[in-house]
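Participant: Pasting a predicted model and its sequence here:
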Amino acid sequence: MIPRIAFTPGEPAGVGPELAVKLACSGRSPDATRAQIIAIADPDLLQQEAARQGRALQLIPFDPEQPSSPTPADSLHILPVALAHEAHPGQLDIANGAYVLETLQRAADGCKARTFDAVVTGPVHKGVINDAGVAFSGHTEFFAEQAGVEKVVMMLAADDLRVALATTHLPLKDVSGAISADSLQQVLTILHRSLQNQFRIEQPRIGVCGLNPHAGEGGHLGREEIEVIEPALDTLRALGMHLIGPLPADTLFTPPQLARCDAVLAMYHDQGLPVLKFKGFGRAINITLGLPFIRTSVDHGTALNIAGTGIADLGSLNAALSQAIELVQLRNL
Ligand SMILES: NC(=O)c1ccc[n+]([C@@H]2O[C@H](COP(=O)([O-])OP(=O)(O)OC[C@H]3O[C@@H](n4cnc5c(N)ncnc54)[C@H](O)[C@@H]3O)[C@@H](O)[C@H]2O)c1
Ligand SMILES: N[C@H](C(=O)O)[C@H](O)COP(=O)(O)O
């Protein structure tokens with residue numbers, strides 16, 4: 001079976017188009033040569049980028065009625081979506097916000113209809129989509145809404161480190177209020193089941209960070225650990241989950257503690273992701289757990305500062321593609 005992977009290059013003024021062309025024409029990993037990769041993007045945008053790189057790129061119209069076949073070298077299958085305005089590297093244009101959302105919408109629709117086996121996303125610029133008038137906090141939340149699921153979990157992985165988040169894209173001042181015993185139980189249940197079902201870890205060991213410095217220092221530096229986190233963990237332990245903590249984040253993210261864990265649950269974005277990105281930026285992946293379809297992504301953003309220079313690194317996109325293909329294969333076993 002040849003996996004059909006939808007690929008959204010994301011923000012047209014960022015490094016996404018460059019990565020798409022490199023994926024087709026230069027640095028594709030061996031795994032990706034065994035998949036059908038369907039870019040959901042503006043064909044002219046990709047051809048302009050190919051010309052900039054001095055590459056001959058073939059865009060093969062995607063036909064869902066045809067049996068899946070691997071995308072040949074120097075090619076991408078294409079599901080065309082037109083830009084509103086020509087894109088210029090490094091220059092955001094709110095007129096193209098709707099284009100980005102349309103590419104994600106087509107990917108979500110295709111995954112829900114099982115036309116695609118998975119979606120791999122390139123980086124989007126959350127700010128310009130909001131500036132264009134659409135409330136958007138990230139792919140994670142967008143795909144959850146499209147799939148009609150109340151809760152999903154963002155997890156990033158680099159080498160043997162997996163970091164999941166109890167909360168995702170929200171202001172720091174709102175984090176404490178967003179963490180309840182119920183929400184933690186939902187997040188940990190999704191994480192536990194995904195580690196079992198998608199990553200084939202029979203009895204996952206999950207390390208849980210506290211929210212406050214020193215996990216609240218016995219209530220002297222905050223009470224969320226005592227009032228919310230510990231009761232949630234106790235309830236889940238009674239159901240058989242192997243949960244470690246809550247531990248102070250600066251203790252949990254040390255090698256001896258990490259050796260005891262298959263994954264870490266951080267309470268908020270910048271508690272967990274700096275550690276993960278310090279370890280593996282450029283080869284890490286982002287995966288949404290709890291969706292009815294497979295979605296992986298790059299570990300980086302739009303990199304507007306280097307767009308158009310030709311130096312964007314393909315490592316994380318290749319890793320995200322390989323992970324998506326592996327998850328499709330495991331699902332189909
Ligand atoms: N997957 C996603 O959609 C995603 C992920 C992270 C950030 N973002 C968004 O991207 C925008 C910019 O975020 P940022 O500037 O904080 O982070 P960024 O990842 O875009 O850039 C951080 C640094 O890493 C470099 N970099 C990023 N990707 C690279 C690559 N492939 N090769 C070489 N160097 C690379 C950049 O040049 C920059 O110096 C924000 O709007 C943010 O929300 C999107
Ligand atoms: N939180 C992610 C990161 O820092 O890499 C990033 O913003 C992407 O999130 P989505 O996959 O939800 O767009």
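Facilitator: Yep, that arrived. These numbers come from a predicted model, not from an experiment. Numbers count the residues shown, from 1 in each chain. Ligands and ions are numbered 1, 2, ... in the order given.
Participant: What parts of the stretch 151-300 of the chain come near ligand 1?
Facilitator: Ser297, Val298, His300 (Cβ under 6 Å from any ligand atom). Any C-beta I mention is one placed from the backbone N, CA and C, and that applies to glycine too.
Participant: what about the strands in the stretch 101-250 of the chain?
Facilitator: Using DSSP state E, counting those that start in this stretch, the strands found in the stretch 101-250 of the chain span residues 118-121, 153-158, 161-165, 205-209, 242-247.
Participant: is it possible to export these to TSV including mean pLDDT and mean neighbour count?
Facilitator: Formatted as TSV, the strands of the stretch 101-250 of the chain follow (pLDDT from 0 to 100; neighbours: other Cβ atoms under 10 Å):
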stretch	mean pLDDT	mean neighbour count
strand 118-121	98	27
strand 153-158	98	24
strand 161-165	98	24
strand 205-209	98	24
strand 242-247	98	20
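Participant: now these as a markdown table including distance to Phe62?
Facilitator: A markdown table is the format used below for these (distance: least, Cβ to Cβ, whole Å):
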| stretch | distance to Phe62 |
| --- | --- |
| strand 118-121 | 14 |
| strand 153-158 | 28 |
| strand 161-165 | 32 |
| strand 205-209 | 39 |
| strand 242-247 | 43 |
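Participant: what's the closest of the ones you listed to Leu45?
Facilitator: Smallest distance to Leu45 across these (Cβ to Cβ): 16.3 Å, for strand 118-121.
Participant: Once you drop chain neighbours, what's closest to the residue of the chain found nearest ligand 1?
Facilitator: Going by Cβ to the nearest ligand atom, ligand 1 is nearest to Gly301 of the chain, at 2.3 Å. Excluding the flanking residues, the one nearest Gly301 by Cβ to Cβ, 6 or more residues apart in numbering is Pro123, at 4.8 Å.
Participant: again with Ile229
Facilitator: Nearest non-adjacent residue to Ile229 (Cβ to Cβ, 6+ apart): Pro246, at 4.7 Å.
Participant: Also Leu314?
Facilitator: Closest residue to Leu314 apart from its sequence neighbours, by Cβ to Cβ, 6+ apart: Gly27 at 4.4 Å.
Participant: one step back: so the residue of the chain closest to ligand 1 touches Gly16, yeah?
Facilitator: No: using Cβ atoms under 8 Å, Gly301 is not in contact with Gly16; the gap is 10.2 Å.
Participant: out of the two, which sits in the busier spot?
Facilitator: Gly16 (32 against 15; other Cβ atoms under 10 Å).
Participant: Which pLDDT value goes with that one?
Facilitator: For Gly16, the pLDDT comes out at 98.
Participant: Please apply the same query to Ser26.
Facilitator: If you check Ser26, the pLDDT there is 85.
Participant: Touching both of Gly301 and Gly16, which residues are there?
Facilitator: Residues touching both Gly301 and Gly16 (Cβ atoms under 8 Å, 6 or more residues apart in numbering): Pro123.
Participant: need the contact list for Phe116.
Facilitator: Going by Cβ under 8 Å, 6+ apart, Phe116 touches Arg4, Ile5, Ala6, Ile38, Ala107, Gly110, Phe293.
Participant: Repeat the analysis, applying 7 Å as the threshold.
Facilitator: For Phe116, the contacting residues are Arg4, Ile5, Ala6, Ile38, Ala107, Gly110, by Cβ atoms under 7 Å, 6 or more residues apart in numbering.
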